[in-house]
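# using only what follows, build the 3D model:
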Amino acid sequence: MDSFDAPGEPVTVHAPAGTIIGRRAGRVRRFLGIPYAEAPIGERRFAPPVPRGRLPEPFDASRHGATSQRVPLFATTTIPEPSIPGDDVLNLGIVAPAADDDRGPFPVMVWIHGGGFLAGSPASPWYDGRAFARDGIVCVTVGYRLGVDGFAPLDGVLPNLGLRDLLLALDWVQENIAAFGGDPGRVTVAGQSAGGAAVLALLSSPAGGGRFHRAAGLSGGIFGAGTDAARDLLERLGRRLGVPPTSTGFGGRTVEQIQQAVIDLRDEGGGGVVLAPCVGDDLLPVPIADGLTTHGRDVPVLLGATGDEFDGSVEPEVRAAARAAGTRLTDTLFRSCCTRVATARRQAVAGTWLYSFEWPSPVLGGAAHCADLPFFFDVLDAPGVAEALGPNPPAELARLMHADLAGFVRGQDPAWARATGALGDPAREYGRPGAALAADTTGVFDPVVRAVREC
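Model (predicted):
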């Protein structure tokens, strides 16, 4: 058995999508690599996703499917992010409680991986939903198109193909998840980093209504891209690849070649290389922050960031001083997003709740980007966790954080007060040194609030 195999004995589900054969280990069932759309190749490469027809033969769902990532953003990443070859990159994985678990039908969490909209992998062992299944939740991880193929504003191409992939995956969940024990009326869309940003984009979109009922964004941002900056990147990529920056030109290069060109531009200091959801189409007709004032008002939102994100330092006093200024990359990209979303949703019917992850990894130097994921998923024994968090990350903190997220997915409002984007907003702090592992407090985001108001 290699790292992409699901353990256990075969188990079969008959869904509208077809007969799907996964694996059961104990009280957990896994169904991996299920295609929800036709492979985006040939004429479909730069086209909206096409729903996959009913599978003609029983589908072996014992292994993770192909990933959109061909080239990782970095040689070593905090999260293990395997690249898996193949054309069927528009696939999803399901981890569900046993079929004879009488607690169902179960709420559903649809997880969107991060990676700057350029990379990342839904096959990461840090995203294994076994703890959610243990606690009566169906966990779905989704693959979607990345980089140029998913988010480039190319000529004659409908924008935001990656977001359209995610919307189609949510439709697949609505149609099929009951066969796996899930409740299509209780779907939470959740994600981290670029995945958290995608959650906010979907929440602000007029197309998102009815496809999900709760939303959770971990270390996300409001990353709607302007087409001018994106086209400048495409010009530079085209020159590097020796093709015109068009759908025809890029269509003559492989996904791997294009992803490698993006990495090369970054390494040469060639300016920003981020592609993100584009504002100005039918999915995002207005800037994301504006869309949040009118769409998703009935969707409860859980939102937060780590204390240091990309600004970690091994010296606690250095971290404290930089954070007090409220002007770090951590603050401007991530923590300010929490404040902006809470402000935009001030008049929403449903609440917005904030958290801040404060536990400093002895390896990463602070409460770094991604360090909270093994705690929220309660997978401290997963590959790569000890290398990122040290040999003894606090298991009790994982239990508390996972319980809060699982409770939210089950439909419970968080125990702490709602946020409004104002000074003194309440939040839950996780793992702050010298405090309780989970403590309700106020003012955690105050420096960011001041900075946002001064802009």
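# CA atoms for contacts and neighbours, from now on please.
Fine.
# quick check: residue 260 touching residue 71?
Yes - in this structure residue 260 lies within contact range of residue 71 using Cα atoms under 8 Å: 6.3 Å.
# as a check, name the ranges of all helices in the stretch 51-200 of the chain.
Secondary structure of the stretch 51-200 of the chain (DSSP state H, counting those that start in this stretch): helices at 130-134, 147-151, 161-176, 194-204.
# what's the angle from the third one to helix 194-204?
Following axes from the mean of the first three to the mean of the last three Cα atoms, to 10 degrees, one obtains 70 degrees for the angle between helix 161-176 and helix 194-204.
# which other helices and strands contact helix 161-176?
The elements that helix 161-176 packs onto, with contact taken as 3 or more Cα pairs under 8 Å, 6 or more residues apart in numbering; DSSP states H and E, are helix 147-151, strand 182-192.
# could I get those as a markdown table with mean neighbour count and distance to residue 306?
Listed next are these as a markdown table, based on neighbours: other Cα atoms under 10 Å; distance: least, Cα to Cα, whole Å:
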| stretch | mean neighbour count | distance to residue 306 |
| --- | --- | --- |
| helix 147-151 | 25 | 25 |
| strand 182-192 | 24 | 11 |
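# which one of those lies closest to residue 76?
Of all the helices and strands packed on helix 161-176, the one in closest proximity to residue 76, counting by Cα to Cα, is strand 182-192 (18.5 Å).
# and the contacts of the closest one?
Applying Cα atoms under 8 Å, 6 or more residues apart in numbering, the contact partners of strand 182-192 are 104-114, 137-138, 173-175, 177-178, 196-199, 211-220, 370, 409-411.
# now do 7 Å
105-114, 138, 173-174, 177-178, 196, 199, 212-220, 409 (Cα atoms under 7 Å, 6 or more residues apart in numbering).
# and what of stretch 354-361?
302-307, 366-367, 372, 389, 419, 427-433.
# again, 8 Å this time
Contact with stretch 354-361 is made by 302-308, 338, 366-368, 371-372, 388-390, 418-419, 426-433, 444, as judged by Cα under 8 Å, 6+ apart.
# ok, now how distant is residue 416 from residue 397?
Here the distance between residue 416 and residue 397 works out to 17 Å (Cα to Cα, to the nearest Å).
# comparing those two, which residue is more hemmed in?
Comparing residue 416 with residue 397 by neighbour count (other Cα atoms under 10 Å), the higher total belongs to residue 397, at 20 against 15.
# got the phi/psi numbers for residue 354?
Phi and psi for residue 354, reported as degrees, to the nearest 10, are phi -110, psi 150.
# bridge partners for it, pull those for me.
Residues in a beta bridge with residue 354, per DSSP bridges, are residue 303.
# ok, now how distant is it from residue 269?
Per Cα to Cα, residue 354 is found 35 Å from residue 269.
# neighbour-wise, which of those two wins?
Under the neighbour definition other Cα under 10 Å, residue 354 and residue 269 were set side by side, and residue 354 has more, 28 against 9.
# quick check, pLDDT for that one.
Confidence per residue is given as pLDDT, and for residue 354 that number is 98.
# what about the contacts of strand 182-192, which are in strands?
Among the contacts of strand 182-192, the subset assigned to strands under DSSP state E consists of 106-112, 138, 214-218.
# same list (the residues you listed) but as a markdown table, adding neighbour count and pLDDT.
Formatted as a markdown table, the ones in strands among the contacts of strand 182-192 follow (neighbours: other Cα atoms under 10 Å; pLDDT from 0 to 100):
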| residue | neighbour count | pLDDT |
| --- | --- | --- |
| 106 | 28 | 98 |
| 107 | 23 | 98 |
| 108 | 33 | 98 |
| 109 | 29 | 99 |
| 110 | 25 | 99 |
| 111 | 25 | 98 |
| 112 | 27 | 98 |
| 138 | 31 | 98 |
| 214 | 24 | 98 |
| 215 | 26 | 98 |
| 216 | 28 | 98 |
| 217 | 26 | 98 |
| 218 | 31 | 98 |
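# nearest to residue 224, of the residues you listed?
The shortest gap between residue 224 and any of the ones in strands among the contacts of strand 182-192 belongs to residue 217, at 15.2 Å (Cα to Cα).
# the closest one bridge partners, please.
Note on residue 217: beta-bridge partners residue 191, residue 303, judged by DSSP bridges.
# ok, now which ones touch it?
Applying Cα under 8 Å, 6+ apart to residue 217 gives the contacts 190-193, 195-197, 199-200, 301-304.
# with that, I have no additional questions.
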